[in-house]
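K.L.:
sequence and predicted structure below; questions after.
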Amino acid sequence: MTLATTDATVGVPEVETTHKDTRRYPHGVAFMDGQYLPMSEAKISVLDWGFLHSDATYDTVHVWEGRFFRLDLHLDRFFRGMDRLRMKLPYHRREVERVLSNCVALSGHKSAYVEMICTRGGSPTFSRDPREAENRFIAFAVPFGSVANKEQLERGLHVGVSETVRIPPKSVDPTIKNYHWLDLVRGLYDAYDVGAETALIMDTNGNIAEGPGFNVFTVKNRQLKTPAFGVLPGITRQSVFDLCGEVGLAVTAADLPRLELGEADEVFITSTAGGIMPVTRVDGSSIGSGKVGVVTRQLMDLYWQKHSDDAWSTPVKYA
């Protein structure tokens, strides 16, 4: 961007745009302001409170082989989050579902990462009163991506535990999916500094909380445990509870001390972006045998089998 000659009358420089956006965007389709756009054209105002204050909620659902996975649960959480944040949309639930399906269909993706967002928006008068903001809905579909790549899924992720403390649940309700990620990003850098691939951070009581975009489970003597305090109750986390119920595995949500993580027979993480993913090293030490465990492998296989189950998935309506 360059500045052109100054208008002597008002003393304000005219702005001439000479920069062309040459960045590469993922192939996909977004929905904004009532229209469908390529990802490169999907932009929000710098005055949107979602940008200025992280005042937004969102949810992500994935499409696998042309089917949404557990879409109803994601929509439930999205609308529940908006209600608790006192946000409203001009779209009903079925309309949002149709928009998500259209984004996928227009993109042509058979496997996709699909996001729905509600930001506080902005006030036409730049008021600082959130009640005067016009809430805004955005959705998009891009190619499916995973927290763990193919190699990591085969040999297990290497995780570092950061001393960074998750935002207290009395400050920001973790059950409302949000963009307050600075603690998680700090944890990631702590993990990278010691050669790990991703991170787990602590809760305010000194126990394990969660990682950037995922929950964590331990397996000890075929009994599973996942943190209960200060975490987002992920949809994939819920899927593990449901799968355990089907195959007769015991699973509890409770405090997870750091020591128990290292003493576990198996560890895995869960996320919409990747499903159930094994962890074989924590803080440089092997978990169990150092290989993907039997229970983890069983649940991974069951999880992906459910993607073709009508009770767990919804077909995309492609044109």
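P.N.:
The structure has been received and is ready for your questions. Numbering: from 1, shown residues only.
K.L.:
quick one, what contacts the residue lying closest to E115 once chain neighbours are set aside?
P.N.:
Nearest in space to E115, with sequence neighbours left out and distances taken as Cβ to Cβ, 6 or more residues apart in numbering, is T60 at 4.8 Å. The C-beta positions use only the backbone N, C-alpha and C, and glycine is treated the same way. Neighbouring residues of T60 by Cβ atoms under 8 Å, 6 or more residues apart in numbering: 74, 113-116, 272-273.
K.L.:
make TSV out of those and add neighbour count, pLDDT and secondary structure.
P.N.:
Converted to TSV, these look like this (neighbours: other Cβ atoms under 10 Å; pLDDT from 0 to 100; DSSP: H, G, I helix; E, B strand; the rest coil):
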residue	neighbour count	pLDDT	secondary structure
H74	23	98	helix
Y113	20	97	strand
V114	27	98	strand
E115	21	98	strand
M116	26	98	strand
T272	24	98	coil
A273	16	97	coil
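K.L.:
which of the residues you listed sits closest to N149?
P.N.:
Distance to N149 across those (Cβ to Cβ) is lowest for A273, with 11.6 Å.
K.L.:
would you mind measuring from that closest one to A148?
P.N.:
Per Cβ to Cβ, to the nearest Å, A273 is found 9 Å from A148.
K.L.:
kindly report the same for A30.
P.N.:
For A30, the distance to A148 (Cβ to Cβ) stands at 26 Å.
K.L.:
so what's the residue nearest the centre of the chain closest to, chain neighbours aside?
P.N.:
By Cα atoms, centre = their mean, the chain has its centre lying nearest to G213, at 4.8 Å. Excluding its sequence neighbours, the residue lying closest to G213 (Cβ to Cβ, 6+ apart) is S271, at 5.4 Å.
K.L.:
for F79, what are its contacts?
P.N.:
Contact partners of F79, counting by Cβ under 8 Å, 6+ apart, are R93.
K.L.:
quick check: phi and psi on it?
P.N.:
phi -70, psi -30 (degrees, to the nearest 10).
K.L.:
pull the number of nearby residues for the residue nearest to I44 when sequence neighbours are not counted.
P.N.:
Closest residue in space to I44, ignoring its immediate chain neighbours: F51 at 6.0 Å, by Cβ to Cβ, 6+ apart. Applying other Cβ atoms under 10 Å, we find 16 residues neighbouring F51.
K.L.:
show me where this protein dips below the pLDDT cut-off.
P.N.:
For the chain, applying pLDDT under 70 flags the ranges 1-21.
K.L.:
domain-wise, how is it divided?
P.N.:
27-141, 148-305 (the TED database).
K.L.:
can you add distance to W312 and give those domains back as CSV?
P.N.:
Supplementary listing: these in CSV, determined by distance: least, Cβ to Cβ, whole Å:
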stretch, distance to W312
domain 27-141, 6
domain 148-305, 8
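K.L.:
out of those, which is closest to S313?
P.N.:
Minimum separation from S313 across the domains of the chain (Cβ to Cβ) falls at domain 27-141, 4.1 Å.
K.L.:
can you classify the closest residue to Y91 other than its chain neighbours as helix, strand or coil?
P.N.:
In space, and not counting its chain neighbours, Y91 is closest to F137: 6.1 Å by Cβ to Cβ, 6+ apart. Look at F137: counting by DSSP: H, G, I helix; E, B strand; the rest coil, its state is strand.
K.L.:
ditto for T236
P.N.:
Using three-state DSSP, the structure places T236 in helix.
K.L.:
list the contacts for the closest residue to it other than its chain neighbours?
P.N.:
Excluding its sequence neighbours, the residue lying closest to T236 (Cβ to Cβ, 6+ apart) is T270, at 3.9 Å. T270 makes contact with 214-217, 234, 236-237, 239-240, 276-277, according to Cβ under 8 Å, 6+ apart.
K.L.:
okay then, goodbye and thanks.
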